[in-house]
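K.L.:
pasting the structure only:
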């Protein structure tokens, strides 16, 4: 970590105190060679994590609309091109997760299925070049909503390495779906489930929320 100089012009080094960091003058006999040796001896974050196993979470923040109950970091889609966001995530992955080889990958949101099949293929192919997750991850999970989970997206997900799906159904009751701004129907949820099965998903999680005000207990 680069540290600010003190009033004498010397750089300071950080020390821990009960209330956070404090700074004191660096010893006069420190050298650039010593610092370089210490830097080389310190593993990069990705290699250090890979030794014990690591899980990778990718956040896709866009949704068709913002549900009334949602407190996640998500934004209603306003016609944006998703590719620049995905490219930015990949740039960060290249800096922080190069050759990470995660044991699990979770692509959440937001609504990842909203990005479409072409963007999904592009993103996961590129992410694999960086992290090599297809050779290391036992589980690659992706979230989806029924209205944007198409047959083409299901196939792209399977072919790109996903083996688990989390489908945001929330309710089969039309009045509840409408009251909480869900944009899919019960029939679309069923269609999405069978589309996932047809594409090859053997592990499918269905999200449901119970105890909505006005919900039929049955």
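P.N.:
Looks like it arrived, so ask away. Just so you know, these numbers come straight off a predicted model, no measurement behind them.

K.L.:
so where is this protein shaky, pLDDT-wise?
P.N.:
Where the chain drops to pLDDT under 70, the residues are 1-52.

K.L.:
go again using 50 as the cut-off
P.N.:
The chain contains residues with pLDDT under 50 at 1-43, 50.

K.L.:
mind giving me the domain ranges of it?
P.N.:
Per automatic domain parsing, the domain ranges recorded for the chain read 1-42, 46-208.

K.L.:
chain center to the last one: distance?
P.N.:
Right, domain 46-208. Here the centre of domain 46-208 is set off from its chain's centre by 8 Å, with Cα atoms, centre = their mean, to the nearest Å.

K.L.:
Centroid-nearest residue for the protein?
P.N.:
residue 58 (1.5 Å; Cα atoms, centre = their mean).

K.L.:
residues contacting that residue?
P.N.:
Residue 58 makes contact with 89, 105-108, 127, according to Cβ atoms under 8 Å, 6 or more residues apart in numbering. C-beta coordinates here come from the backbone N, C-alpha and C atoms, glycine included.

K.L.:
doesn't it fall inside a helix?
P.N.:
No: assigned with DSSP: H, G, I helix; E, B strand; the rest coil, residue 58 falls outside any helix and is strand.

K.L.:
who does it bridge with?
P.N.:
Taking DSSP bridges as the rule, residue 58 bridges to residue 107.

K.L.:
Okay, buried residues for stretch 137-147 please.
P.N.:
For stretch 137-147, a neighbour-count test (16 or more other Cβ atoms under 10 Å) marks 137, 140-147 as buried.

K.L.:
now stretch 178-195
P.N.:
Quick answer for stretch 178-195 (16+ other Cβ under 10 Å): 180, 182-184, 188-189, 191-193, 195.

K.L.:
follow-up on the earlier one: would you reformat the buried residues of stretch 137-147 as CSV and include secondary structure and distance to residue 155?
P.N.:
Formatted as CSV, the buried residues of stretch 137-147 follow (DSSP: H, G, I helix; E, B strand; the rest coil; distance: Cβ to Cβ, whole Å):
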residue, secondary structure, distance to residue 155
137, coil, 19
140, strand, 15
141, strand, 17
142, strand, 13
143, strand, 17
144, strand, 13
145, coil, 17
146, helix, 16
147, helix, 17
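
K.L.:
just the residues you listed now: which is nearest residue 62?
P.N.:
Within the buried residues of stretch 137-147, the smallest distance to residue 62 is 11.1 Å, found for residue 145 (Cβ to Cβ).

K.L.:
From what I see, the closest one and residue 110 are in contact.
P.N.:
No: with contact defined as Cβ atoms under 8 Å, residue 145 and residue 110 do not form a contacting pair (9.6 Å).

K.L.:
Spit out the residues that contact the two alike.
P.N.:
Residues within reach of residue 145 and of residue 110 at once, by Cβ under 8 Å, 6+ apart, are residue 63.

K.L.:
Going along the chain, name the helices of this protein.
P.N.:
32-41, 45-52, 83-96, 117-131, 151-159, 174-179, 186-199 (DSSP state H).

K.L.:
Now distance to residue 214 too, for the domains of the chain, in a markdown table please.
P.N.:
Converted to a markdown table, the domains of the chain look like this (distance: least, Cβ to Cβ, whole Å):
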| stretch | distance to residue 214 |
| --- | --- |
| domain 1-42 | 48 |
| domain 46-208 | 7 |
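
K.L.:
winner for burial among the ones you listed?
P.N.:
domain 46-208 (a mean of 17; mean count of other Cβ atoms under 10 Å).
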